[in-house]
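Peer 1: Dropping a prediction and its sequence here:
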Amino acid sequence: MLEHIHFYYTNDFHSHFSQWSRVANFLKGKKIKHQIDGDSYYLVDIGDHMDRVHPITEASMGKANVELLNDLAYDVVTFGNNEGITLARDDFFDLYEEAQFDVVCANLHSTAGDEPDWLRRYTTVQSVGGVKIGFLGLTVPFNDFYHLLDLHITSPFDALEQYIEKLKSEVDVIILLSHLGITVDRQIAKQFPEIDVIIGGHTHHLFKQGELAHQTLITAAGKNCYYVGELHLVWDHKEQKLYHKDAIATDVSHVPRDLATEEMLNQLELKAQNILGKKVVYLEEPLEVRWFKETEIMKYLTDTVKEWTNADGAMLNAGLLLEDFNPGYITYGDIHRICPHPINPCIVSIYGSELIKVIQKTLKRSFTEMKLKGFGFRGEVLGKMIFSDIEFTPITDEKEGLIITDVAIRGRALKENTTYNIATADSFTFGALLPEISQAKQKTYFLPEFLRNLLLETLVTYYGTNE
C-alpha cells in the first residue's frame, strides 16, 4: 500500500501582507482537496514571516503574524532572524504565546536560565496511515545580536549531532526546517543523510523543483510568498520505507484573493493605525528629506547617533529617511513610515587609514546611487553619506579620481595608525559593500533600539516636546 502525504511551506514572507490573502486562498483550496481525498497534509513556515518594516507587524510586535498563521491552521514553524533579533527579549518571549502550532528550533538557548515556554527542539506528527514524521528546526547563528538578548544560537551541526539520532529512533521521516541559507543546507545534506527533506529559507532562494543533494531533497520558495512550496511524499507501507519524494514551488501571484483573509488584514491594519497614531512631537515647519544632499534632520540624526553611542564620530546614509516631514503633529506611524528599516545602531572600531578608504568609497556615485536590497535596508537608494564629528576636504586627483585630505575627528587631525570608534548603521557590517567595516574585528551592536528610535529622540530634542 502506498500512502501520499502532503506538505505546504512558506518562507521569508517578511510581512508582505498584500500577498497573504492569495496564499490563504491557495492553501484553503489544497486543504479542501486533501480532506476530500482523506490524505494527510501539513502547513509549515521556515521563518522571517514577520518584518517590522510593515505597520501591522510594528504595532503588534509580530503577534499579528502569529494570528494569520493560526487562522490558516499552520502546524509547525521555525523562526528566522527577523523574529529572533528585531524584537526586545520580552517581546520575543511573548511572540508565540498564542500560537496554535508548534515552534521548533534545536539551536536556540538562553544564557539567562529561562527559555520561552513555546520552544521545542523538534516535534512529531503521525499521518492517517500511521507514518511518523519528525520536524526539527534550526535558525541562523547571528550571535553578535542574540548575545545582547541573553540568548545563544549554537552551531546547527552541533545541534544536529545532538538530536538527529534521537529523532531518527522515534520517526519514519525527518524533515528539517532550516532558516540557515542554501549553502549550509547543502552542507547539512552531505553530512546528515538521515534527513529526508530540508525545507530552507533565509537566503531567499527559490527552487521551482527540489534539488536532490546526496540522499536529501532540498527545497525553498523564494521570498514574500509569491510562491508557495509543495512537498509530496509517498510512503510504501509494505516495504516500510519512503518510496518517493518531490517538491515544487507554485506561483500564487495570480491566485484570487481570499475575502475572509482580506477582512482580517483590514481589521489588523485599523488596529495598527490606532496604536501607531500616538502624537509624539509638533513641527512648526516642514523638514526636508533629500537622498543626495545633507539636510538638517539627517545631520541632527547622525549627531544623535554619535552622542547616544558615545562614539568618536558617526556616519549615516541619507537614504535611511524616505520622505519629508510635514508640519503639524508627528506620530509614531509617521516615524515608522519615514524610517521603516529594521536597522540597529552600531559602533565599529577601525584604523584611521581604513576610515579614509571608507569615506572615499561613500563619495562615489556608485555608492550613493546604489539600490541596496537586504541587510535590513528597506529604502530606494543608499544616498549621500552624512558625517558627525568627521571632517575632510574632497579633491579630484588626475590619477586617483575623487580623494579626501585634511581628515579630522572631533576637530583633531586623523592618525592613520590610531583606532577610532565610528557609529553607523549595522547594515554596513554585513556583506562586501564596505569591507573595512564588515571585516572589522571589533563591532558593538545596540539592541533593541532601531535607528527610528533615535530619530524619534532627534525630533523631540531638536524640534519639540514629547506629547
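Peer 2: Happy to help now that I have it.

Peer 1: Quick check: phi and psi on residue 245?
Peer 2: phi -150, psi 140 (degrees, to the nearest 10).

Peer 1: Quick one: residues contacting it.
Peer 2: Going by Cβ atoms under 8 Å, 6 or more residues apart in numbering, residue 245 touches 196-197, 210, 217, 231-234. Where you see a C-beta, it was placed from the backbone N, CA and C, and this is true even at glycine.

Peer 1: Please identify which pair of those residues lies farthest apart.
Peer 2: 210 and 234 (14.0 Å; Cβ to Cβ).

Peer 1: Looking at these two, which has the bigger crowd around it?
Peer 2: residue 210 (23 against 13; other Cβ atoms under 10 Å).

Peer 1: For beta bridges, what are the partners of the nearest residue to that one once chain neighbours are set aside?
Peer 2: Of all residues not flanking residue 210 in the chain, residue 247 sits nearest, at 3.3 Å (Cβ to Cβ, 6 or more residues apart in numbering). Beta-bridge pairing of residue 247 under DSSP bridges involves residue 231.

Peer 1: I'd guessed residue 331 sits against residue 280; true?
Peer 2: Yes. Under the criterion of Cβ atoms under 8 Å, residue 331 makes contact with residue 280 at 6.4 Å.

Peer 1: Now do the strands in the stretch 101-250 of the chain.
Peer 2: If DSSP state E, counting those that start in this stretch is used as the criterion, the strands of the stretch 101-250 of the chain fall at 102-104, 108-110, 119-120, 122-126, 132-139, 151-153, 173-179, 197-200, 211-213, 216-219, 227-236, 241-251.

Peer 1: The ones you listed: which one's closest to residue 3?
Peer 2: strand 227-236 (4.6 Å).

Peer 1: so the closest one versus strand 241-251, what angle?
Peer 2: Going by axes from the mean of the first three to the mean of the last three Cα atoms, to 10 degrees, strand 227-236 is angled at 160 degrees with respect to strand 241-251.

Peer 1: quick one: average pLDDT of strand 227-236?
Peer 2: In this model, strand 227-236 has a mean pLDDT of 98.

Peer 1: Okay, buried residues for it please.
Peer 2: Residues of strand 227-236 classed as buried: 227-233, 235 (neighbour count, 16 or more other Cβ atoms under 10 Å).

Peer 1: cool, stretch 428-435 as well?
Peer 2: Neighbour counts over stretch 428-435 (16+ other Cβ under 10 Å) mark 428-429, 433-434 as buried.

Peer 1: How about stretch 409-426?
Peer 2: 409, 414, 420-426.

Peer 1: Pull up the distance across that stretch, start to finish.
Peer 2: Using Cα to Cα, to the nearest Å, one end of stretch 409-426 lies 21 Å from the other.

Peer 1: Show me how far that stretch is from its chain's centre.
Peer 2: On the basis of Cα atoms, centre = their mean, to the nearest Å, stretch 409-426 sits 30 Å off its chain's mean C-alpha point.

Peer 1: So which residues of the stretch 251-400 of the chain form strands?
Peer 2: 279-283, 313-317, 328-331, 345-351, 385-388, 390-397.

Peer 1: picking up where we left off before, what's the least confident stretch among the strands of the stretch 101-250 of the chain?
Peer 2: Across the strands of the stretch 101-250 of the chain, the lowest-scoring stretch is strand 211-213, with a mean of 94.

Peer 1: name the helices or strands packed onto that strand?
Peer 2: Other helices and strands packing on strand 211-213, by 3 or more Cβ pairs under 8 Å, 6 or more residues apart in numbering; DSSP states H and E, are helix 182-191, strand 216-219.

Peer 1: That one: partners in the sheet, and parallel or antiparallel?
Peer 2: strand 216-219 (antiparallel).

Peer 1: And the contacts of the strand it pairs with?
Peer 2: Contacts to strand 216-219, defined as Cβ under 8 Å, 6+ apart, come from residues 9, 182, 185-186, 188-189, 192-193, 195-200, 207, 210-212, 229, 231, 245-247, 249.

Peer 1: and it, how far from the chain's centre?
Peer 2: The answer for strand 216-219 is 23 Å, by Cα atoms, centre = their mean.

Peer 1: repeat for stretch 5-13
Peer 2: Its chain's C-alpha centre and that of stretch 5-13 lie 18 Å apart, by Cα atoms, centre = their mean.

Peer 1: circling back to that earlier point, closest to residue 132 out of the buried residues of stretch 428-435?
Peer 2: For those, the nearest to residue 132 is residue 429 (43.2 Å; Cβ to Cβ).

Peer 1: my read: the closest one touches residue 347, true?
Peer 2: No. Assessed by Cβ under 8 Å, residue 429 is found out of contact with residue 347, at 10.0 Å.

Peer 1: Spit out the residues that contact these two alike.
Peer 2: Residues touching both residue 429 and residue 347 (Cβ under 8 Å, 6+ apart) are residue 443.
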